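Chemist: okay, sequence plus prediction incoming.
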Amino acid sequence: DALPAWQLIGAGLLVGFGTRLGSGCTSGHGVCGMARGSKRSLLAVLVFMACAMLTTFLIRHGGRPA
């Protein structure tokens, strides 16, 4: 099933905002930043992963506890 256009646009805007807010993209922090031992990149990756897990839970369960 394809997502509605408004969801795709919203997701793209959120990714752009997060990239700007996090001073880099997820792969930049995850690959390069983590490889050089950056504490900021470690924190950024932890936040990215937590948000991804929360988003997945909310989409799959509609915000209801399992």
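Modeler: Great, that's in hand. Numbering: from 1, shown residues only.
Chemist: how about the strand or helix carrying residue 17: buried residues?
Modeler: Element membership for residue 17, per DSSP states H and E: helix 5-21. Neighbour-count burial for helix 5-21 flags residue 18 (criterion: 16 or more other CB atoms under 10 Å). Placement of C-beta: from N, CA and C, glycine included.
Chemist: against which helices or strands is the next helix or strand after that helix packed?
Modeler: Of the helices and strands lying after helix 5-21 in sequence (DSSP H and E), the nearest is helix 26-27. If contacts are counted by 3 or more CB pairs under 8 Å, 6 or more residues apart in numbering; DSSP states H and E, helix 26-27 sits against helix 39-61.
Chemist: just checking, what packs against the helix it packs on?
Modeler: By 3+ CB pairs under 8 Å, 6+ apart, helix 39-61 packs against helix 26-27, helix 34-35.
Chemist: what angle separates that helix from helix 5-21?
Modeler: 160 degrees (axes from the mean of the first three to the mean of the last three CA atoms, to 10 degrees).
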